[in-house]
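1. Pasting the sequence and the predicted coordinates here, then a few questions.
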Amino acid sequence: MTDNAAAPVISEAERTTAARIGQVLFKNRGWLPVPFLAAPLLLPGVQTSTTWTIGLLIVALGELIRTAGVAAAGTVTRRRSREVQRLVTYGAFAWCRNPLYVGNFLAWIGFTVVSGVFWFIPVAIVIFAIEYTLIVRYEEGVLESIFGQEYLDYKARTPRWFGRPPAGSTEGQHDWKEAIWSERSTILQYVVLIGAFWYKGTL
């Protein structure tokens with residue numbers, strides 16, 4: 001008896017050492033925010049009305065970018081895998097290839113600004129660059145395996161991280177209601193963190 005199911009295509013990009021390490025980090029990505037948030041919470045810093053205002057504005061910007069990404073791509077962006085059915089190249093994904101991770105980064109930096117632990121910002125940038133570059137190498141390999149030349153063309157014209165205004169149209173289907181609902185747990189985490197940083201400031 002033979003198995004008629006076609007074996008999944010594995011691109012060379014997905015076979016690299018960086019992608020394999022990124023796959024491990026991707027599977028454990030729920031723990032990655034810990035150092036970005038634990039250090040500002042536990043280390044001494046000077047909180048002021050200015051740090052709170054600027055920091056929360058950065059957090060809000062990060063969440064806006066995250067929500068825009070989810071609205072364009074759907075909740076599958078939370079579990080990117082071989083079940084992805086379509087390549088999203090419009091909306092936030094026309095500006096950069098990883099809007100959700102950019103949103104995460106801005107939110108984490110925003111809470112660091114709130115905390116007043118400014119020296120940790122460059123440390124956080126280095127940690128983020130190492131961890132998420134490896135994760136993205138894995139995800140890019142998977143998307144290349146699935147979509148082939150279509151993804152390579154998108155990759156060639158769209159920056160990986162902080163992007164630039166796209167040359168073409170960014171219009172496409174967005175489900176803002178689903179996106180906002182799916183972000184409820186993230187918003188709750190922000191509320192808890194705001195409370196934690198407020199409490200730290202009272203000590």
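-> Received the coordinates, thanks. Numbers count the residues shown, from 1 in each chain.

2. From the chain's centroid, how far away is the worst-scoring helix or strand of the chain on mean pLDDT?
-> Ranked by mean pLDDT, DSSP states H and E, the weakest helix or strand in the chain is helix 12-15, scoring a mean of 81. With Cα atoms, centre = their mean, to the nearest Å as the basis, helix 12-15 stands 21 Å off its chain's centre.

3. And the contacts of the next helix or strand along the chain from it?
-> Moving toward the C-terminus from helix 12-15, the next helix or strand (DSSP states H and E) is helix 17-27. Residues outside helix 17-27 that contact it (Cβ atoms under 8 Å, 6 or more residues apart in numbering) are 13, 32, 131, 133, 134, 135, 136, 137, 138, 139, 140, 141. For the C-beta atoms, the positions are set from N, CA and C on the backbone; glycine is no exception.

4. need the helices for this protein, in chain order.
-> Taking DSSP state H as the test, the helices found in the chain are 12-15, 17-27, 33-42, 49-73, 92-95, 99-115, 120-147, 149-157, 176-182, 184-202.

5. now these as a markdown table including mean neighbour count?
-> Listed next are the helices of the chain as a markdown table, based on neighbours: other Cβ atoms under 10 Å:
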| stretch | mean neighbour count |
| --- | --- |
| helix 12-15 | 16 |
| helix 17-27 | 16 |
| helix 33-42 | 16 |
| helix 49-73 | 19 |
| helix 92-95 | 23 |
| helix 99-115 | 24 |
| helix 120-147 | 18 |
| helix 149-157 | 13 |
| helix 176-182 | 14 |
| helix 184-202 | 13 |
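
6. which one among the contacts of helix 17-27 gets closest to residue 201?
-> residue 32 (25.6 Å; Cβ to Cβ).

7. any idea how far that closest one is from residue 41?
-> From residue 32 across to residue 41, the span is 16 Å (Cβ to Cβ, to the nearest Å).

8. do residue 65 as well
-> For residue 65 relative to residue 41 (Cβ to Cβ), the value is 23 Å.

9. And residue 35, by the same measure?
-> In terms of Cβ to Cβ, residue 35 sits 11 Å off from residue 41.

10. got it, and residue 97?
-> 31 Å.

11. Tell me where the model's unsure across this structure.
-> Within the chain, the segments meeting pLDDT under 70 span 1-8, 76-84, 168-169.

12. Just give me the residue right at the centre of it.
-> Centrality entry for the chain: nearest residue to the mean C-alpha point is residue 101, 1.4 Å, by Cα atoms, centre = their mean.
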